[in-house]
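Quick check, what structure comes out for this input:
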Amino acid sequence: MNAKKVYNLELEETFEEVNLIAIHSSLEGYQLAFYLNNTMNSDFKRSKNDLSLKGAKNNFIHFEWEDKMYDFQCSLFSNKYHDELKQQELISKNLFNLPTRNEVYLFSEFKQVDFFIKSSDHKTIEKAIDILEPDEIQHGIRAVDSTYTMRMITERGIRLNICPQSNIALGAVTETHSHPIRKLYDSGIKLTINTDDLLLFNASITDQYVNLIEQGIFTFEEINEIRLNAFP
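Model (predicted):
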(Lines give C-alpha, C1' and ligand atoms only; values in the text may rest on other atoms or scores of the structure.)
Protein backbone atom coordinates (compact mmCIF):
# COMPACT_ATOMS: atom_id res chain seq x y z
CA MET A 1 0.00 0.00 0.00
CA ASN A 2 3.01 2.26 0.55
CA ALA A 3 1.45 4.02 3.54
CA LYS A 4 4.29 5.84 5.28
CA LYS A 5 2.56 7.27 8.31
CA VAL A 6 -0.94 7.90 9.59
CA TYR A 7 -2.13 10.75 11.78
CA ASN A 8 -5.27 10.91 13.85
CA LEU A 9 -6.80 14.37 13.75
CA GLU A 10 -9.87 16.10 15.04
CA LEU A 11 -12.15 17.89 12.60
CA GLU A 12 -12.35 20.72 15.11
CA GLU A 13 -13.96 23.23 12.77
CA THR A 14 -17.27 21.34 12.92
CA PHE A 15 -17.19 20.82 16.71
CA GLU A 16 -18.04 17.17 16.15
CA GLU A 17 -16.41 14.36 18.10
CA VAL A 18 -14.88 12.77 15.03
CA ASN A 19 -11.42 11.61 14.07
CA LEU A 20 -9.50 12.09 10.87
CA ILE A 21 -6.88 9.56 9.96
CA ALA A 22 -4.47 10.94 7.38
CA ILE A 23 -2.96 8.45 4.95
CA HIS A 24 0.13 8.69 2.76
CA SER A 25 -0.30 6.37 -0.22
CA SER A 26 0.54 6.22 -3.92
CA LEU A 27 -2.63 4.20 -4.59
CA GLU A 28 -5.56 5.62 -6.53
CA GLY A 29 -8.72 6.24 -4.52
CA TYR A 30 -10.56 3.16 -5.77
CA GLN A 31 -7.49 1.00 -5.06
CA LEU A 32 -7.24 2.29 -1.50
CA ALA A 33 -10.96 1.70 -0.90
CA PHE A 34 -10.59 -1.85 -2.21
CA TYR A 35 -7.55 -2.44 0.02
CA LEU A 36 -9.33 -1.16 3.14
CA ASN A 37 -12.47 -3.17 2.37
CA ASN A 38 -10.37 -6.32 2.20
CA THR A 39 -8.21 -5.67 5.27
CA MET A 40 -10.60 -3.80 7.61
CA ASN A 41 -13.81 -5.59 6.65
CA SER A 42 -15.16 -2.17 5.70
CA ASP A 43 -17.65 -1.44 2.93
CA PHE A 44 -16.49 1.79 1.29
CA LYS A 45 -18.48 2.65 -1.84
CA ARG A 46 -18.06 5.57 -4.22
CA SER A 47 -20.26 8.43 -3.09
CA LYS A 48 -22.64 10.13 -5.50
CA ASN A 49 -21.29 13.44 -4.21
CA ASP A 50 -17.59 14.18 -4.33
CA LEU A 51 -16.17 16.95 -2.14
CA SER A 52 -15.19 20.38 -3.39
CA LEU A 53 -13.89 23.68 -2.08
CA LYS A 54 -16.27 26.62 -2.06
CA GLY A 55 -15.98 28.54 -5.29
CA ALA A 56 -13.63 25.99 -6.84
CA LYS A 57 -14.19 23.63 -9.76
CA ASN A 58 -12.01 20.85 -8.34
CA ASN A 59 -13.65 17.71 -6.95
CA PHE A 60 -12.03 15.41 -4.41
CA ILE A 61 -12.92 11.75 -4.72
CA HIS A 62 -15.20 10.55 -1.91
CA PHE A 63 -16.16 7.07 -0.66
CA GLU A 64 -18.77 6.33 2.02
CA TRP A 65 -19.37 3.41 4.38
CA GLU A 66 -22.75 3.50 6.10
CA ASP A 67 -24.66 1.13 8.36
CA LYS A 68 -28.12 2.54 9.03
CA MET A 69 -28.98 -0.20 11.52
CA TYR A 70 -26.18 0.89 13.86
CA ASP A 71 -26.33 4.57 12.86
CA PHE A 72 -22.73 4.41 11.69
CA GLN A 73 -21.03 6.51 9.00
CA CYS A 74 -17.46 6.63 7.81
CA SER A 75 -15.87 8.50 4.90
CA LEU A 76 -12.74 8.10 2.81
CA PHE A 77 -11.78 11.08 0.67
CA SER A 78 -8.80 12.45 -1.19
CA ASN A 79 -6.89 15.51 -0.06
CA LYS A 80 -5.28 16.21 -3.44
CA TYR A 81 -6.60 17.06 -6.86
CA HIS A 82 -4.25 17.04 -9.86
CA ASP A 83 -5.10 19.52 -12.58
CA GLU A 84 -3.35 19.46 -15.93
CA LEU A 85 -2.41 23.02 -16.84
CA LYS A 86 -1.08 24.11 -20.20
CA GLN A 87 2.18 25.95 -20.36
CA GLN A 88 0.64 29.20 -21.55
CA GLU A 89 -1.77 29.20 -18.61
CA LEU A 90 1.26 29.35 -16.32
CA ILE A 91 2.83 32.05 -18.50
CA SER A 92 5.88 29.87 -18.71
CA LYS A 93 8.53 29.86 -21.42
CA ASN A 94 9.81 26.31 -21.41
CA LEU A 95 11.41 24.67 -24.42
CA PHE A 96 8.55 22.18 -24.80
CA ASN A 97 4.82 22.92 -24.57
CA LEU A 98 4.07 20.17 -22.03
CA PRO A 99 1.15 20.11 -19.58
CA THR A 100 2.08 20.82 -15.99
CA ARG A 101 0.43 19.13 -13.01
CA ASN A 102 -1.03 21.57 -10.54
CA GLU A 103 -1.94 20.14 -7.14
CA VAL A 104 -4.94 21.55 -5.27
CA TYR A 105 -5.49 20.53 -1.64
CA LEU A 106 -8.68 20.10 0.35
CA PHE A 107 -6.68 20.80 3.53
CA SER A 108 -3.74 22.90 2.36
CA GLU A 109 -2.06 22.75 5.79
CA PHE A 110 -1.62 18.99 5.29
CA LYS A 111 -0.08 18.89 1.84
CA GLN A 112 1.78 15.68 2.63
CA VAL A 113 -1.51 13.82 3.14
CA ASP A 114 -3.05 11.94 0.20
CA PHE A 115 -6.30 10.66 1.77
CA PHE A 116 -8.36 11.04 4.94
CA ILE A 117 -10.61 8.60 6.76
CA LYS A 118 -13.26 10.34 8.84
CA SER A 119 -15.07 8.40 11.55
CA SER A 120 -16.60 8.86 14.99
CA ASP A 121 -16.39 5.13 15.70
CA HIS A 122 -13.46 4.04 17.88
CA LYS A 123 -13.39 0.55 16.42
CA THR A 124 -12.76 1.94 12.94
CA ILE A 125 -9.94 4.10 14.28
CA GLU A 126 -8.48 1.16 16.18
CA LYS A 127 -8.56 -1.03 13.06
CA ALA A 128 -6.82 1.66 11.05
CA ILE A 129 -4.11 2.02 13.70
CA ASP A 130 -3.69 -1.74 13.75
CA ILE A 131 -3.31 -2.01 9.97
CA LEU A 132 -1.40 1.20 9.16
CA GLU A 133 0.92 1.14 12.22
CA PRO A 134 1.51 4.86 12.92
CA ASP A 135 4.33 6.14 15.08
CA GLU A 136 2.78 9.57 15.74
CA ILE A 137 -0.75 10.94 16.01
CA GLN A 138 -1.56 14.62 15.57
CA HIS A 139 -4.12 15.94 18.07
CA GLY A 140 -5.96 12.68 18.83
CA ILE A 141 -7.45 13.94 22.08
CA ARG A 142 -10.69 11.97 21.51
CA ALA A 143 -8.69 8.83 22.25
CA VAL A 144 -9.60 9.66 25.85
CA ASP A 145 -13.15 8.42 25.15
CA SER A 146 -11.98 4.82 24.80
CA THR A 147 -9.87 3.01 27.39
CA TYR A 148 -8.95 0.40 24.80
CA THR A 149 -7.80 3.05 22.30
CA MET A 150 -5.62 4.69 24.96
CA ARG A 151 -4.13 1.32 25.91
CA MET A 152 -3.53 0.54 22.25
CA ILE A 153 -1.67 3.84 21.76
CA THR A 154 0.36 3.32 24.93
CA GLU A 155 1.37 -0.28 24.20
CA ARG A 156 2.46 0.58 20.66
CA GLY A 157 4.50 3.57 21.79
CA ILE A 158 2.54 5.96 19.56
CA ARG A 159 3.19 9.59 20.42
CA LEU A 160 0.35 12.13 20.60
CA ASN A 161 1.28 15.64 19.44
CA ILE A 162 -1.28 17.82 21.20
CA CYS A 163 -2.06 21.52 20.69
CA PRO A 164 -3.99 22.67 23.80
CA GLN A 165 -4.52 26.31 22.81
CA SER A 166 -5.71 25.29 19.35
CA ASN A 167 -8.18 22.83 20.90
CA ILE A 168 -9.60 25.57 23.14
CA ALA A 169 -9.68 28.27 20.44
CA LEU A 170 -11.49 25.99 17.99
CA GLY A 171 -14.00 24.74 20.58
CA ALA A 172 -12.85 21.12 20.88
CA VAL A 173 -12.62 21.76 24.64
CA THR A 174 -13.96 24.71 26.63
CA GLU A 175 -11.00 25.50 28.89
CA THR A 176 -7.61 24.26 30.09
CA HIS A 177 -9.05 22.41 33.10
CA SER A 178 -11.46 20.41 30.95
CA HIS A 179 -8.76 19.44 28.45
CA PRO A 180 -8.13 15.65 28.47
CA ILE A 181 -4.35 16.05 28.23
CA ARG A 182 -3.86 15.13 31.90
CA LYS A 183 -5.91 11.94 31.59
CA LEU A 184 -3.99 10.97 28.46
CA TYR A 185 -0.72 11.57 30.29
CA ASP A 186 -1.83 9.56 33.33
CA SER A 187 -2.74 6.65 31.06
CA GLY A 188 0.93 6.40 30.09
CA ILE A 189 0.68 7.89 26.59
CA LYS A 190 3.77 9.73 25.37
CA LEU A 191 2.81 13.36 24.67
CA THR A 192 4.27 16.48 23.14
CA ILE A 193 2.82 19.99 23.25
CA ASN A 194 2.68 22.01 20.03
CA THR A 195 1.47 25.36 18.71
CA ASP A 196 -0.56 24.12 15.69
CA ASP A 197 -0.36 27.64 14.21
CA LEU A 198 1.61 30.22 16.19
CA LEU A 199 0.33 33.24 14.24
CA LEU A 200 -3.29 32.14 14.36
CA PHE A 201 -3.50 31.07 18.02
CA ASN A 202 -0.89 33.49 19.44
CA ALA A 203 0.55 30.97 21.89
CA SER A 204 4.08 29.65 21.67
CA ILE A 205 5.08 26.26 23.08
CA THR A 206 6.67 28.06 26.04
CA ASP A 207 3.45 30.00 26.66
CA GLN A 208 1.53 26.73 26.80
CA TYR A 209 4.09 25.12 29.11
CA VAL A 210 3.75 28.04 31.52
CA ASN A 211 -0.07 28.02 31.33
CA LEU A 212 -0.30 24.29 32.05
CA ILE A 213 1.97 24.71 35.08
CA GLU A 214 0.15 27.81 36.38
CA GLN A 215 -3.24 26.09 35.95
CA GLY A 216 -1.98 23.17 38.02
CA ILE A 217 -2.36 20.64 35.21
CA PHE A 218 1.32 19.60 35.28
CA THR A 219 4.32 20.15 37.53
CA PHE A 220 7.54 21.64 36.19
CA GLU A 221 9.13 18.17 36.23
CA GLU A 222 6.26 16.68 34.23
CA ILE A 223 6.41 19.48 31.67
CA ASN A 224 10.12 18.87 31.28
CA GLU A 225 9.42 15.18 30.67
CA ILE A 226 6.85 16.10 28.01
CA ARG A 227 9.34 18.54 26.46
CA LEU A 228 11.95 15.78 26.14
CA ASN A 229 9.45 13.55 24.33
CA ALA A 230 9.90 15.81 21.31
CA PHE A 231 13.52 14.60 21.04
CA PRO A 232 13.35 10.80 20.69
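
contacts and neighbour counts: CA atoms only from here.
Fine.

what's near enough to touch the residue lying closest to Cys163 once chain neighbours are set aside?
Among residues not flanking Cys163 along the chain, Asn194 sits closest, at 4.8 Å (CA to CA, 6 or more residues apart in numbering). Residues near Asn194 by CA atoms under 8 Å, 6 or more residues apart in numbering: Asn161, Ile162, Cys163, Pro164, Ser204, Ile205.

Flag the helix or strand of this structure with the lowest per-element mean pLDDT.
Scoring the helices and strands of the chain by mean pLDDT, DSSP states H and E places strand 6-9 at the bottom, with a mean of 44.

on that earlier part again, out of the contacts of Asn194, what pair is the most spread apart?
The distance between the two most remote of those (CA to CA) is 14.5 Å, for Asn161 and Ser204.

For those two, work out which one has more neighbours and name it.
The neighbour comparison of Asn161 against Ser204 (other CA atoms under 10 Å) goes to Asn161, with 24 against 17.

what pairs with that one across the strands?
For Asn161, the beta-bridge partners under DSSP bridges are Gln138, Thr192.

Could you measure from Phe77 over to Ile125?
15 Å (CA to CA, to the nearest Å).

more crowded one of the two?
Applying other CA under 10 Å to Phe77 and Ile125 shows that Phe77 carries more neighbours, namely 23 against 20.

list the contacts for Asn49?
By CA under 8 Å, 6+ apart, the neighbours of Asn49 are His62.

one more time with 7 Å
By CA atoms under 7 Å, 6 or more residues apart in numbering, no residues touch Asn49.

Just to be sure, it is in a helix?
No: counting by DSSP: H, G, I helix; E, B strand; the rest coil, one finds Asn49 to be coil, located in no helix.

Mind pulling up the pLDDT for it?
pLDDT, Asn49: 86.

Kindly report the same for the one 5 residues further on.
Listed pLDDT for Lys54 reads 68.

again with the one 5 residues further on
Asn59 is assigned a predicted lDDT (pLDDT) of 83.

Give me the neighbour count for it.
By other CA under 10 Å, the burial measure for Asn59, its neighbour count, is 18.

swap in Ile131?
12.

try the one 3 residues further on
Using other CA under 10 Å, the number of residues around Pro134 comes to 21.

Next: the one 4 residues further on.
Neighbourhood size, Gln138 [other CA under 10 Å]: 21.

Lys190 versus that one, what's the distance?
Distance from Gln138 to Lys190, counting by CA to CA: 12 Å.

do the same with Pro180
14 Å.

quick one, what contacts Val173?
Here Val173 is in contact with Asn167, His179 (CA under 7 Å, 6+ apart).

Pretty sure it sits in a helix.
No: under three-state DSSP, Val173 falls outside any helix and is assigned coil.

pLDDT score for it?
pLDDT at Val173 comes out at 87.

where does it sit relative to Ile162, distance-wise?
12 Å.

Same question for Phe34.
Using CA to CA, we find Phe34 at a distance of 32 Å from Ile162.

With neighbour numbers in mind, choose between those two.
Between Phe34 and Ile162, counting by other CA under 10 Å, Ile162 is the more crowded of the two (21 against 15).

which one is that one nearest to, not counting chain neighbours?
Ile162 sits nearest to His139 (CA to CA, 6+ apart), 4.6 Å away.

What's the mean pLDDT across stretch 74-82?
On average, stretch 74-82 scores 86.

And it, what's buried?
Counting neighbours by 16 or more other CA atoms under 10 Å, one finds that the buried residues in stretch 74-82 are Cys74, Ser75, Leu76, Phe77, Ser78, Asn79, Lys80, Tyr81.

so where's this protein shaky on pLDDT?
Applying pLDDT under 70 to the chain flags residues 1-19, 54-58, 69-71, 82-102, 109, 120, 197-200.
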